[in-house]
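> Here's a sequence, model it:
(2 chains)
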Amino acid sequence: MKILKNVFIAVCVLLINGCNQKEEVVSIQKSEAYYDGLLQEKMKEAGIVNTSYFKVEMDWLSMEGKGHDDIMRDMDKVIAIFKESYEHEYDKKLKQTMLFMSVVKANGLEKKEQFYQQLYKLKTAKERVDLYVSEHLKFSQEVAIAKKAKDEVLQDEIIAKYKYLFLVVRANDGSFVPGPYLERKEGVTYAIEKYENAVLRD
Amino acid sequence: MIAGFWFFILQDGLFKKTLIMFGDKYIYLRKKMMYHKRICFLTLVFMSFVCKVSAQDYAPSPYYDSQIVSLWVSENLNPFDSDFIIKANIFWSGPSVYLSEYTYKVGSSNINGDVSYVINRKTSSIVDNPQVIYFCKIYGCSSYLRPCDDVSHSPKTPDWASRVSITCLYWMTVTMKQSVLGFVKTTYHNANGVGMSSYSRSYYDGISFN
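Predicted coordinates for the structure are as follows:
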């Protein structure tokens, strides 16, 4: 019996050691920069580009304890998932940008603002969408700084400054039609807030 | 009422004076005066009606109401994407008009997700306009003591009601962060000019009607 007990303990020790060894082998990861580079490359292959409105990064906190093979497998899975949502996002933003540009053109304002000139200079739709959205984000960041400083005058100034960026959509009776503005609808008029004579109705 | 009466007297006196001045054209003026008297009488009737409504100040019963508006919806159909809506609950009460609103998010996320939003700009206003309505006094009518459209249910009593129009518009930037298998996706969305605009409702006796 004593021999049997010793053998049992020996087997247990061996098993535990074996498990530990196996885990050590699995948890070898390469450098963060390596995975970052790989992610960007694989995304590019799938047609996803990091833009002002769509970013994919690695969360290194939740990567702990994952092996190289696990990370590679997850990366492939995730890119397939994100590809769909990237296309969906791009589609929506493209519609917004197209509508905005068509309103600018219909009012003959292409050369009135520097931003419009920049927008029309760009050749691909992807660049235009990126510029249009990043201008909105710039506005948002500036407002956030003014809000943090609790400066209401500055806030109003920023809003007035960026009025070339906002669409004013009205129904036939002059009432404001709330967004989101993705497609041109019939029976409503589109204008740019800065170049609309009437004040936005309160 | 009193003003209407004095108006009647004054008009009558004025005509008697002209009658003396042009004595030979008596019949003509007499006819004209009769005609004028009729106008004066009608004016009196009209003024008495106006007095009836405006004699009491515009003081409708208090009313309060609310409305929920969707400001932004994550429209992704992907099962791995979170399903999030940012809503605004807009409250108002009157007749001393008061408006308050707060925004919040609802939704579920299948995988770790987070939605945050910044309101860049906001316009909100409320206007209370007095409105004269005629409510029904026919007991048994479905709109008893309410504004009634039935022509046969007359006479109807005039009273004050409130016509309230509300505007609440937002310009927001929504940031959506999602973590799938250790990969974080960050997306930014513009929600411009979203909310509720030119929304109006009428209230009588604290209850809304349109």
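
> if you look at stretch A:136-143, does any of it touch chain B?
Yes - Stretch A:136-143 is in contact with chain B by CB under 8 Å from any CB of the partner chain, via A:136, A:137, A:139, A:140, A:143. (Glycine included, C-beta is placed from N, CA and C.)

> By mean pLDDT, flag the weakest helix or strand of chain A.
Lowest on mean pLDDT, DSSP states H and E among the helices and strands of chain A sits helix A:2-26, with a mean of 65.

> Give the next helix or strand downstream of that helix.
Per DSSP states H and E, the first helix or strand lying C-terminal to helix A:2-26 is helix A:32-46.

> Paired strands for whatever helix or strand comes next after that next one, with orientation please.
Where DSSP H and E defines the elements, the next helix or strand beyond helix A:32-46 is strand A:54-58. Here strand A:54-58 has these sheet partners by DSSP bridges: strand B:183-204 (antiparallel).

> Can you lay out the residues of stretch A:136-143 next to chain B as JSON lines showing pLDDT and distance to residue A:164?
Below are the residues of stretch A:136-143 next to chain B laid out as JSON lines (pLDDT from 0 to 100; distance: CB to CB, whole Å):
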{"residue": "A:136", "pLDDT": "94", "distance to residue A:164": "12"}
{"residue": "A:137", "pLDDT": "94", "distance to residue A:164": "16"}
{"residue": "A:139", "pLDDT": "95", "distance to residue A:164": "10"}
{"residue": "A:140", "pLDDT": "94", "distance to residue A:164": "15"}
{"residue": "A:143", "pLDDT": "94", "distance to residue A:164": "15"}
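
> Residue B:104 contacts residue B:84, correct?
No - using CB atoms under 8 Å, residue B:104 makes no contact with residue B:84, being 11.1 Å away.

> higher neighbour count, the two?
More neighbours surround residue B:84 than the other of residue B:104 and residue B:84, with 20 against 12 (other CB atoms under 10 Å in any protein chain shown).

> how far away is that one from chain A?
As judged by CB to the nearest CB, to the nearest Å, residue B:84 and chain A stand 13 Å apart.

> ok, now how distant is residue B:192 from residue A:66?
40 Å (CB to CB, to the nearest Å).

> Looking at these two now, which is surrounded by more residues?
residue B:192 (23 against 17).

> Which pLDDT value belongs to the nearest residue to residue A:36 once chain neighbours are set aside?
Nearest non-adjacent residue to residue A:36, counting by CB to CB, 6 or more residues apart in numbering or on different chains: residue A:58, 6.5 Å away. Listed pLDDT for residue A:58 reads 87.

> what does residue A:35 give?
pLDDT at residue A:35 comes out at 87.

> Kindly report the same for residue A:29.
Predicted confidence (pLDDT) for residue A:29: 67.

> right, and the secondary structure at the closest residue to residue B:183 other than its chain neighbours would be what?
Counting by CB to CB, 6+ apart, residue A:78 is the residue found nearest to residue B:183 once chain neighbours are left out, at 4.4 Å. Three-state call for residue A:78 (DSSP: H, G, I helix; E, B strand; the rest coil): helix.

> How many residues are close by residue A:78?
Residues lying near residue A:78 (other CB under 10 Å) number 23.

> now swap in residue B:179 and tell me
Number of residues near residue B:179 (other CB under 10 Å) recorded here: 18.

> Beta-bridge partners for it, please?
Beta-bridge partners recorded for residue B:179 (DSSP bridges): residue B:184.

> can you pull the contacts of the spatially most central residue of chain A?
Centroid-nearest residue in chain A, with CA atoms, centre = their mean: residue A:54, separated by 2.2 Å. Residue A:54 sits next to A:48, A:86, A:89, A:90, B:185, B:186, B:187, B:188 when contact means CB atoms under 8 Å, 6 or more residues apart in numbering or on different chains.

> Pull out the buried members of these.
For the contacts of residue A:54, a neighbour count by 16 or more other CB atoms under 10 Å in any protein chain shown gives the buried set as A:48, A:86, A:89, A:90, B:185, B:187, B:188.

> How about residue B:114, nearest residue that isn't a chain neighbour?
If the residues on either side of it in the chain are set aside, residue B:114 comes closest to residue B:177, at 4.6 Å by CB to CB, 6+ apart.

> quick revisit: so how do I select the buried members of the residues of stretch A:136-143 next to chain B in ChimeraX?
Remark: buried members of the residues of stretch A:136-143 next to chain B, expressed as a ChimeraX selection using 16+ other CB under 10 Å:
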select /A:136,139,140,143
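
> from the residues of stretch A:136-143 next to chain B, which ones fall inside helices?
Here DSSP state H is the test, and the residues of stretch A:136-143 next to chain B give A:136, A:137, A:139, A:140, A:143 as lying in helices.

> Now the third one: closest residue in space, sequence neighbours ignored.
Read it as residue A:139. In space, residue A:139 is closest to residue A:162, 4.5 Å off (CB to CB, 6+ apart).
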